[in-house]
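**Q** need a 3D model of the following:
(4 chains)
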Number of protein chains: 2
Amino acid sequence: MEPKVVRRQARGERRMAELQDAAAAVFAEVGYEAATTNAIAARAGVSPGTLYQFYGNKEAIAQALADRYLEQLRTAHGALTTEHAHLPLDELIDRMAGPMVEVNVANPGFKALFGRADMPERLAAPTRAVHAALSGRVDAVLAARRPELPDADRARTVQVTMSLFGGLLPMIVSADEGERPALVAELKKVLRGYLGPIVG
Amino acid sequence: MEPKVVRRQARGERRMAELQDAAAAVFAEVGYEAATTNAIAARAGVSPGTLYQFYGNKEAIAQALADRYLEQLRTAHGALTTEHAHLPLDELIDRMAGPMVEVNVANPGFKALFGRADMPERLAAPTRAVHAALSGRVDAVLAARRPELPDADRARTVQVTMSLFGGLLPMIVSADEGERPALVAELKKVLRGYLGPIVG
DNA sequence: CTAGAATGCGAGCGATCGCTCGTGTTACGA
DNA sequence: TCGTAACACGAGCGATCGCTCGCATTCTAG
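**A** Residues are numbered from 1 along each chain as shown, chains lettered A, B, ... in the order given. Sure thing, here's the model as predicted:
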């Protein structure tokens, strides 16, 4: 239908991407709460007014960023489906943890949006979609691997697994590059040690 | 020496304890960053000026609260020394995790002060002492149990163990009472699965 | 070429924050 | 009893926040 993208629209979309990049950088540096919209706009090289041309409020930027991360996770995790549920546990863990670590390291803003279990409602909103998508995927794999596991137990296992990622990923992301592989190995040890007896 | 406590001093100390209680409640509800000193003062039933009579700034309250928690941990953890390093792993884990869970559940404000690995400096300050004390204790026990473990490996194990607590305790604290014992059991499973192969 | 839509600016609004200060009140030592 | 120090109040200061708005600039459609 449209032979070429509307040129003016292109400028706007470029700005939106720049604003998301700036938001990710600021979130990574000071966290979501302490990040100010003025700082994000300044980091993107635009005025506050321009920021609000594209995003109605601070949460909307976080939401857009979360959507972008979710998309990256989807493609990075693409190879993980219920078809892979019966792989050896080590391999399954690699397929779960590998993409998560990659996406987190490539996007230092991610961890600021990856909520803890007890976040106040107002903070949790932008992260809910990401959290739900990841939980759902883990839950599906576990259900396929151990269909006889009661729902309540599986739900608890998923909850704990998510909290393990939430607890260890920030540490991995903020570690310096030399130490990181060893910490990733520890993450996999944790997952193996916990999941082994349950879905081994 | 003093047949009775100085009465006026007593009123002040009472106020200070009330302010710490109020701060703990507010921290538990909205987190450390979003907690306002005016809200803390109001919760304690005093004016902002009174709060600042006893605590020079917001961080000082957090510090006082952290000190109180540290003291509770010290007594609760009293039974855990390097003498217990060679207990069966299950028992050792009980002695580590039990008091931590108890103190966290009894003090819902604790988790707001129990820092993540990547906290910006300005947030991490009040929690540093608590974090250092706990890390030190875990490190001492591991060193006594596995003296042949290289320092770097042990340090990494301690770091991961602390992050496991940091990731799982908020979940446990915010769970409703009925579900909590099951989640505590999961925490111990995680610790056993991770620490078993290392310090079995 | 031009009307109008999309994009951009930045001073500044209203709200809220951590915190102060002038002033009163309470309790203790002498 | 009374002078003094500790305690308490609360309006409000200066800074900063998220966000607005009036207006300028850039581009596109017709």
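**Q** which SSE is the closest residue to chain B within chain A in?
**A** Distances between chain A and chain B by Cβ to the nearest Cβ are smallest at A:Gly167, namely 1.9 Å. Every C-beta, even on glycine, is put in place using the N, C-alpha and C of the backbone. Using DSSP states H and E, A:Gly167 maps to helix A:151-174.
**Q** any idea which helix or strand comes after that helix?
**A** As assigned by DSSP H and E, the chain's next helix or strand after helix A:151-174 is helix A:180-199.
**Q** re earlier: which residues touch the residue of chain A closest to chain B?
**A** Contacts for A:Gly167 were tallied using Cβ atoms under 8 Å, 6 or more residues apart in numbering or on different chains; they are B:Arg116, B:Ser163, B:Leu164, B:Phe165, B:Gly166, B:Gly167, B:Leu168.
**Q** which residues of chain A lie near DNA strand D?
**A** A:6-8, A:11, A:35-39, A:47-49, A:52, A:56-59 (Cβ under 7 Å from any atom of the strand).
**Q** could you flag which of those residues are buried?
**A** For these, a burial check counting by 16 or more other Cβ atoms under 10 Å in any protein chain shown picks out A:Ala35, A:Thr37, A:Ala39, A:Lys58.
**Q** report the two of the residues you listed separated the most.
**A** Farthest pair in these (Cβ to Cβ) is A:Ala39 and A:Lys58. Separation: 10.7 Å.
**Q** and which of the buried ones among the residues of chain A next to DNA strand D is nearest to A:Pro126?
**A** The closest of these to A:Pro126 turns out to be A:Lys58 (Cβ to Cβ; 9.3 Å).
**Q** OK, contacts around the closest one?
**A** A:Ala35, A:Thr37.
**Q** let's see that with 6 Å instead.
**A** Counting by Cβ atoms under 6 Å, 6 or more residues apart in numbering or on different chains, A:Lys58 makes contact with A:Thr37.
**Q** got a pLDDT number for it?
**A** Listed pLDDT for A:Lys58 reads 93.
**Q** go through chain A and flag its longest helix.
**A** The single longest helix within chain A, with elements called by DSSP state H, is helix A:7-34.
**Q** that older thread, which one among the contacts of A:Gly167 gets closest to chain A?
**A** B:Gly167 (1.9 Å).
**Q** assess the claim that A:His77 and A:Pro99 are in contact.
**A** Yes: using Cβ atoms under 6 Å, A:His77 makes contact with A:Pro99 at a distance of 4.8 Å.
**Q** low-confidence ranges in chain A?
**A** Low-confidence segments of chain A, defined by pLDDT under 70: A:1-8, A:79, A:115-118.
**Q** swap in 50 and give it another go.
**A** A:1-6 (pLDDT under 50).
**Q** near chain B, which residues of it show up?
**A** A:30, A:33, A:116-118, A:120, A:160, A:163-164, A:166-168, A:170-171, A:174, A:186, A:189-190, A:193-194 (Cβ under 6 Å from any Cβ of the partner chain).
**Q** pull out the buried positions in the helix holding A:Gly167.
**A** Of all the residues in helix A:151-174, those buried under the rule 16+ other Cβ under 10 Å are A:154, A:156-173.
**Q** could you give the angle of that helix to helix B:151-174?
**A** 130 degrees (axes from the mean of the first three to the mean of the last three Cα atoms, to 10 degrees).
**Q** just how off-centre is helix A:151-174 within its chain?
**A** Taking Cα atoms, centre = their mean, to the nearest Å, one finds the center of helix A:151-174 at 12 Å from the center of the full chain.
**Q** checking the residue in chain A that DNA strand C sits nearest to next. Helix, strand or coil?
**A** Relative to DNA strand C, the nearest point of chain A is A:Gly49 (1.7 Å; Cβ to the nearest atom of the strand). Taken by DSSP: H, G, I helix; E, B strand; the rest coil, the conformation at A:Gly49 corresponds to helix.
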